[in-house]
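**Q** My questions are about this predicted structure, shown below with the sequence.
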Amino acid sequence: MNDSETRREPGGEPSGGSGEAPLGAPYGLRPHPLRPFILGELHSRPFQLVAAPRTILQLAFLAESGPDQDAATVGQLARSRGLSGPDPEARHFAMNWGPGRLRWERHTEFTTWTWDAPSPADLDEPVRGHPFGDAFRGPGALVAAIRLDLCPGPSGEAELARFHPTSLCYSVMDGGTARAATDFRQDADGFTRILVFDDGLGEARAGALTQRLIEVETYRTLTLLGLPVAQRLAPALGRIEGELARITAEMRKPEGRDSHVLLDELIALSANLEADAVASLYRFAASRAYDEIVAQRLGVIGEQAIPGYETWQIFLSRRMGPAVRTCRAVENRQADLSRKLARAADLLRTRVDVELERQNRDLLKSMEQRTRQQLRLQQTVEGLSVAAVSYYVVGLLSYFAKGLESYAPEFDPALLAAAAVPPVMLAVWLLVRRIRRAHAE
């Protein structure tokens, strides 16, 4: 998305590469690994030295198929001219083509193909000799097509008749050394026409100005790619806002719907919102960056108004401003809705936690009651068990006493059994108590 400028591009033979500086460092010092990239970055977007009359055609394609498709297309064109294609990591490549010169540049999400050559005698004639014929296959979807004609001054007023009067922008630029006109509309060939009148630019300044004007149209087009996304997301955001209002209204009712059900609905809304936000994150960020680039380019060209005509900056501010603000508004609505959904979900989770704590308290209370009942039952069973065990022990003693009666007839077994009942019950009770204490410990 960023687009740095440089002052010159090496001319002459076909060139290619990423703009990296030669390896090495002075006095044999060890260079930083990124030093070639850092030094070469300033020269990664060179502009041409151009002189009027000159015609520049530029096509911009989205890099939908990745860098391999671009490299294949560039390599095919280069081989058709008996040249080797660019390196796989190259970001720009240039070669002579017909009467002009073809340049290819790779950007973050798009590539540009620029061909410039001497202008035809009549600007209404189709340009010939360019590589964009029937055999050319674009590497992706075409997003911008621009034809810029650099004409020698001081003519200009009569040439404006080819533009639509309701959207004609015409102003002085670059300190009064040039005038530029466009209507930001497509002509019969599908190109956006730009006319630049050279009133003393010079080759270097002409190359810089023409590139900046082409970039204004290219990035203006890319900026508006976010508008359809915003328009598609706006109804969905409205539905989510309505659902959120309904859920919060239910939360206010003392006897509203089950909090678990409401929380599930909130989670579903948050998932839908986050899915749309993630899908549109890059597009909205790219639109913001492209809009900033357009504003920067318009600020650099130094526009001065011509009486009776609208400037480029005012026209784009008036026509693009609502679209950019729509994208930002949708992005802000997504962020605000995400925060509101998070707060509502936190409130519901708090309510659910309180309900769970209340249920746990009731459960513990019921468990305590059951434990007390079990204790009482256990104590009752223990009392019964003392009586039962004592009964069986006394019974065994009575059998023993009956056995003694055969040896001592005067001995009374019933008396022995009756006398054994108190000590036996006391002994059994002490034993049961000891066992219970042992288990408690």
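**A** Looks like it arrived, so ask away. Numbering: from 1, shown residues only.

**Q** how about the nearest residue to V300 once chain neighbours are set aside, what does it touch?
**A** Nearest in space to V300, with sequence neighbours left out and distances taken as CB to CB, 6 or more residues apart in numbering, is R212 at 6.1 Å. To be clear about C-beta, it is placed using only N, CA and C from the backbone, and glycine gets the same treatment. Contact partners of R212, counting by CB atoms under 8 Å, 6 or more residues apart in numbering, are 297, 300-301.

**Q** Go again with 10 Å.
**A** Applying CB atoms under 10 Å, 6 or more residues apart in numbering to R212 gives the contacts 5, 47, 173-174, 180, 296-298, 300-301.

**Q** Give the buried residues for stretch 427-440.
**A** Residues 428-429 are the ones in stretch 427-440 that count as buried (16 or more other CB atoms under 10 Å).

**Q** for that stretch, what is the average pLDDT?
**A** For stretch 427-440, the mean per-residue pLDDT is 76.

**Q** Now stretch 414-430: buried residues?
**A** Buried-residue list, stretch 414-430, by 16+ other CB under 10 Å: 416-417, 420, 424-425, 428-429.

**Q** Assign the residue nearest to V300 to helix, strand or coil.
**A** Following DSSP: H, G, I helix; E, B strand; the rest coil, the label given to R212 is helix.

**Q** Tell me how the chain divides into domains.
**A** Per the record, the chain has its domains at 15-223, 227-363, 374-440, by automatic domain parsing.

**Q** How far does the second one stretch from one end to the other?
**A** Okay, so that is domain 227-363. End-to-end span of domain 227-363 (CA to CA, to the nearest Å): 56 Å.

**Q** quick revisit: name the nearest of the contacts of R212 relative to F315.
**A** Nearest to F315 among those, counting by CB to CB, is L298 at 10.2 Å.

**Q** Pull the contacting residues for the closest one.
**A** For L298, the contacting residues are 173, 212-213, 216, 220, 311-314, 316-317, by CB under 10 Å, 6+ apart.

**Q** quick one: it from M320, how far?
**A** Counting by CB to CB, to the nearest Å, the gap from L298 to M320 is 11 Å.

**Q** Please apply the same query to Q76.
**A** For Q76, the distance to M320 (CB to CB) stands at 36 Å.

**Q** These two: which is more packed in?
**A** Taking neighbours as other CB atoms under 10 Å, Q76 and M320 compare with M320 leading, 18 against 13.

**Q** Quickly list what's touching both of L298 and M320.
**A** With CB under 10 Å, 6+ apart as the test, L298 and M320 both reach R220.

**Q** so how far is the one helix or strand S287 maps to off the chain centroid?
**A** Assigned by DSSP states H and E, S287 belongs to helix 259-300. Helix 259-300 has its C-alpha centroid displaced from the chain centroid by 7 Å (CA atoms, centre = their mean, to the nearest Å).

**Q** what about that helix, average pLDDT?
**A** Helix 259-300 comes out at a mean pLDDT of 92.

**Q** so what's T223 up against?
**A** Taking CB under 10 Å, 6+ apart, we find T223 in contact with 286-294, 316, 320, 323-324, 327.

**Q** for these, which one is nearest P235?
**A** C327 (15.5 Å).

**Q** what's the angle from whatever helix or strand the closest one lives in to helix 259-300?
**A** Here C327, judged by DSSP H and E, is contained in helix 312-405. On the basis of axes from the mean of the first three to the mean of the last three CA atoms, to 10 degrees, helix 312-405 is oriented at 150 degrees to helix 259-300.

**Q** what's the average pLDDT for helix 312-405?
**A** The average of the pLDDT scores along helix 312-405 is 85.

**Q** repeat for stretch 140-155
**A** Average pLDDT, stretch 140-155: 90.

**Q** Buried residues in it, which are they?
**A** 140, 143-151.

**Q** Now the two most distant members of the residues you listed.
**A** Pairwise distances across those (CB to CB) peak at 31.9 Å, for the pair G140 and C151.

**Q** To what extent is A279 buried, counted in neighbours?
**A** Using other CB under 10 Å, A279 has 11 other residues around it.

**Q** And for V127?
**A** With other CB under 10 Å as criterion, V127 counts 20.

**Q** That one: what secondary structure?
**A** When classified by three-state DSSP, V127 comes out as coil.

**Q** show me where the stretch 51-200 of the chain has strands.
**A** Assigned by DSSP state E, counting those that start in this stretch, the strands in the stretch 51-200 of the chain fall at 54-62, 92-97, 100-106, 110-118, 142-152, 169-173, 178-186, 192-198.

**Q** got a markdown table for those strands, with distance to G129 too?
**A** A markdown table is the format used below for the strands of the stretch 51-200 of the chain (distance: least, CB to CB, whole Å):
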| stretch | distance to G129 |
| --- | --- |
| strand 54-62 | 10 |
| strand 92-97 | 8 |
| strand 100-106 | 7 |
| strand 110-118 | 6 |
| strand 142-152 | 14 |
| strand 169-173 | 28 |
| strand 178-186 | 22 |
| strand 192-198 | 19 |
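
**Q** After the helix holding C327, which helix or strand is next? Please name it.
**A** By DSSP H and E, the next helix or strand past helix 312-405 is helix 413-440.

**Q** between that next one and helix 312-405, how many degrees?
**A** If you take the same axes, to 10 degrees, helix 413-440 sits at 160 degrees to helix 312-405.

**Q** so what does helix 413-440 touch, helix or strand wise?
**A** If you count contacts as 3 or more CB pairs under 10 Å, 6 or more residues apart in numbering; DSSP states H and E, helix 413-440 packs onto helix 312-405.

**Q** Tell me which of the strands of the stretch 51-200 of the chain sits nearest to L227.
**A** Comparing the strands of the stretch 51-200 of the chain under CB to CB, the one sitting nearest is strand 142-152, at 13.3 Å.

**Q** Which elements pack onto the closest one?
**A** So strand 142-152, by 3+ CB pairs under 10 Å, 6+ apart, packs with strand 54-62, strand 110-118, strand 178-186, strand 192-198, helix 203-223.

**Q** again, only this time at 6 Å
**A** Counting contacts by 3 or more CB pairs under 6 Å, 6 or more residues apart in numbering; DSSP states H and E, strand 142-152 packs against strand 54-62, strand 192-198, helix 203-223.

**Q** That concludes my questions; thank you for your assistance.
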